[in-house]
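Participant: Need coordinates for the following:
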Amino acid sequence: MKTKLLICALLFLLLSTAGQAASKKNEGPPDEPGLPSQSLFGDLSEPYAEASEQTARLFLSQNSGRLKLDPSLSDLVLAGSFSSPMGSHFMFRQEYQGVPVYGAEVRVHFNRAGRVVGVNWAYARNLKLSSVFPSVTPEQAQDAVHRALPSGPPDDPDDGPPGQTSRLYVYAAAGEGSLVWEVVRQTAGATWKGLVHAHSGKLLSAPRDINRYATGTGQVFRVNAIVATQNNTLRDNNDAASAVPSSAYSIVALPGLTGTGYLDGDYASSSRTKKRAFSAANSFLYDRSSDGFSETMGYYYLDYAERYIQSLGFSNINNRQQVFSVNRYRWDNSFYSPNNKEITLGLGGVDDAEDADVILHEYGHSIQDDQVPGFGSTLEAGSMGEGFGDYWAGSVGAQFSGGFQDTCLAEWDAVSYSSTNPPCLRRLDGTKHYPEDVAGEVHDDGEIWSAALWQIRGAIGRAKADTVVLQHHFLLSPSATFNQAADALVTSAINLGFKPSEVNAIRNILQARGFTVTV
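Facilitator: Residues are numbered from 1 along each chain as shown. As a prediction, this is how the structure comes out:
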């Protein structure tokens, strides 16, 4: 039994006391208020001459009755398009008199032959509003959210006042429409999000923290101190350098540095860290008693993860500088914030940046948020977010571990709260089965998904498994279900040109785990 649970409050999870020590298990996030999402996968059309906005619209027009869309498609505005190793993808948002409909979108996915192989849609029909002009100001909406926030640790005055944004939406529920303000309040810790009626000023739901948390807490550790030494008896001893032998450290290259003397590069930057490490010679050789070591760990593993993604053929997944901090947050929490796209690695217990599994788990949330903005708005989607974060940490970490305890995650971080031997935050080799083992908590239920992905990795190999797992995210909606994701995985494998035996292995593993596969 764990004595301390890593509380990773995914999208819109309301914390009863923000930032307090994680000694209680939180329930899973309530489903995002809004529209249910539906998906279809398979050979949905004959090949088009090209994949384009026009052919995507043609497909939607031809299938408007099946999808229950307005046949004119006049309320669908192209929100973005991109290519992937599988093909091309087009995303449309629904608008009502020029105002976006909250959570309403349609996505069309083509394979390389120009055939539509997937479509996701969340769509509001027959909307009628008396006015799309708000009588409540953005500032009044922000005040309503602020007044409803739970108590928690005070903000650090060095961070300045919280940042706030307000965006106007049409909110569709039970066949009716309302005008609402979406308010996002960014603090040094939690990022709160709430909906406020734009005419009455009424708060439609309690503010929810949208950070993706992983709680627990150059020269680097190979994954972490325990993996690097293959010694499960190591303990933190309050950041003492003497607690870890010198054999745990490895000297590594830090590619992509911009030459500022700080850990700033193409794909990672520690710029949100207080009192940053500096070296005019770009030499960052610290032991764990220094925050410079945590900075170096963060830079090295974030940079490595992005370069690895690109080596798999993806040029448009998180192809940016991932900003992070290692010493701004005193609590035993780490999280990714979809609001400012930053990763915060906490100081409680073992410093979280000393464990690559924690760093890579948080980067997993960043990856999914980049591929499917807002991913994790329901319990099952949130659970898959946690499961993917764990799988990603395990799959990338296994490239450094020498095969030691690859299915045990974050054992160094876990020494401050786990009573198991080895100390594990979570594991990738569980036997949970869908749906009877669903517990209603995203980390617990995420183990169903991560175990299935890990089995797939064992069946078809790391590179192909990581490729199809990343690819299938493009076919998901923010509120995807386990079964929709299972279909998306098989659809992706087929359209990536995997061997029939590999496709069948993926299908069989998912079905054996309890998921329904229809393709």
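Participant: What's the mean pLDDT across the longest strand along the chain?
Facilitator: As assigned by DSSP state E, the longest strand anywhere in the chain is strand 99-111. Averaging pLDDT along strand 99-111 gives 97.
Participant: average pLDDT across the helix or strand following it?
Facilitator: Downstream of strand 99-111, the next assigned helix or strand under DSSP states H and E is strand 116-122. For strand 116-122, the mean pLDDT works out to 97.
Participant: for stretch 443-458, same thing?
Facilitator: Stretch 443-458 shows an average pLDDT of 98 in the prediction.
Participant: Give the buried residues for it.
Facilitator: With burial defined by 16 or more other Cβ atoms under 10 Å, the residues of stretch 443-458 counted as buried are 443-457. For the C-beta atoms, the positions are set from N, CA and C on the backbone; glycine is no exception.
Participant: Filter these down to the ones in helices?
Facilitator: 443-457 (DSSP state H).
Participant: wait, residue 205 sits on residue 196?
Facilitator: No - checked against Cβ atoms under 8 Å, the pair residue 205 and residue 196 is beyond contact range at 9.6 Å.
Participant: Tell me which of these two has more neighbours.
Facilitator: Applying other Cβ atoms under 10 Å to residue 205 and residue 196 shows that residue 196 carries more neighbours, namely 26 against 15.
Participant: and that one, what does it touch?
Facilitator: Contacts for residue 196 were tallied using Cβ atoms under 8 Å, 6 or more residues apart in numbering; they are 136, 140, 141, 144, 145, 180, 181, 183, 202, 203, 204.
Participant: That one - that's part of a helix, no?
Facilitator: No - read with DSSP: H, G, I helix; E, B strand; the rest coil, residue 196 is strand and lies in no helix.
Participant: and the gap between the residue lying closest to it once chain neighbours are set aside and residue 147?
Facilitator: Of all residues not flanking residue 196 in the chain, residue 141 sits nearest, at 4.0 Å (Cβ to Cβ, 6 or more residues apart in numbering). When Cβ to Cβ, to the nearest Å is the yardstick, residue 141 and residue 147 sit 11 Å from each other.
Participant: Between those two, point out the one with more neighbours.
Facilitator: In this view residue 141 and residue 147 are compared by other Cβ under 10 Å, and residue 141 has more residues nearby, 26 against 9.
Participant: show me what contacts residue 218?
Facilitator: For residue 218, the contact set (Cβ under 8 Å, 6+ apart) comprises 251, 252, 254, 283, 284, 285, 286, 296, 299, 300.
Participant: Which of those residues fall in helices?
Facilitator: Counting by DSSP H, those place 296, 299, 300 in helices.
Participant: Closest one of these to residue 236?
Facilitator: Checking the ones in helices among the contacts of residue 218 against residue 236 by Cβ to Cβ gives residue 296 as the nearest, at 18.2 Å.
Participant: Check that closest one and give its pLDDT.
Facilitator: The model reports residue 296 with a pLDDT of 96.
Participant: a strand runs through residue 51, doesn't it?
Facilitator: No - according to three-state DSSP, residue 51 belongs to no strand; its state is coil.
Participant: Who are the contact partners of it?
Facilitator: Counting by Cβ under 8 Å, 6+ apart, residue 51 touches 87, 88, 90, 110, 114.
Participant: Likewise for residue 295?
Facilitator: Applying Cβ under 8 Å, 6+ apart, we find residue 295 in contact with 263, 270, 273, 276, 277, 284, 326, 353.
Participant: let's go with 10 Å and repeat that
Facilitator: Residue 295 is in contact with 218, 262-263, 268-270, 273, 275-277, 284, 286, 324-327, 345, 353, counting by Cβ atoms under 10 Å, 6 or more residues apart in numbering.
Participant: Excluding chain neighbours, what is closest to it?
Facilitator: residue 270 (4.4 Å).
Participant: Tell me who's in contact with that neighbour.
Facilitator: 262-264, 276-277, 284, 291-292, 294-296, 298-299, 302, 323-327, 345, 353.
Participant: quick one: least confident helix or strand in this structure?
Facilitator: Across the helices and strands of the chain, mean confidence by mean pLDDT, DSSP states H and E is lowest for strand 212-213: a mean of 72.
Participant: returning to what we had before: pull up the overlap in contacts between residue 205 and residue 196.
Facilitator: Joint contacts of residue 205 and residue 196 (Cβ under 10 Å, 6+ apart) are residue 148.
Participant: Now do the contacts for the residue nearest to residue 38 when sequence neighbours are not counted.
Facilitator: Distance criterion Cβ to Cβ, 6+ apart; nearest residue to residue 38, sequence neighbours excluded, is residue 121 at 5.8 Å. For residue 121, the contact set (Cβ under 10 Å, 6+ apart) comprises 35-40, 60, 63, 67-69, 76, 92, 94, 104-108, 477.
Participant: Could you rerun that using 7 Å?
Facilitator: 38, 67, 106 (Cβ atoms under 7 Å, 6 or more residues apart in numbering).
Participant: Now, the contacts of residue 270 that are in strands?
Facilitator: The strands, defined by DSSP E, take in 323, 324, 325, 345 from the contacts of residue 270.
Participant: Now these in a markdown table, please, with extra columns for pLDDT, neighbour count and distance to residue 385.
Facilitator: Below are the ones in strands among the contacts of residue 270 laid out as a markdown table (pLDDT from 0 to 100; neighbours: other Cβ atoms under 10 Å; distance: Cβ to Cβ, whole Å):
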| residue | pLDDT | neighbour count | distance to residue 385 |
| --- | --- | --- | --- |
| 323 | 98 | 18 | 20 |
| 324 | 98 | 29 | 19 |
| 325 | 98 | 24 | 21 |
| 345 | 97 | 30 | 18 |
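Participant: related to what we said a few turns ago, of all the contacts of residue 196, which comes closest to residue 306?
Facilitator: residue 183 (31.6 Å).
Participant: For that closest one, what is the enclosing helix or strand?
Facilitator: strand 176-186.
Participant: I'd like the mean pLDDT over stretch 382-398, please.
Facilitator: 98.
Participant: all numbers from here: first residue = 20
Facilitator: With the count now opening at 20, the last piece we talked about shows up as stretch 401-417.
Participant: check contacts around residue 501.
Facilitator: With Cβ under 7 Å, 6+ apart, residue 501 has these contacts: 399, 403, 453, 468, 534.
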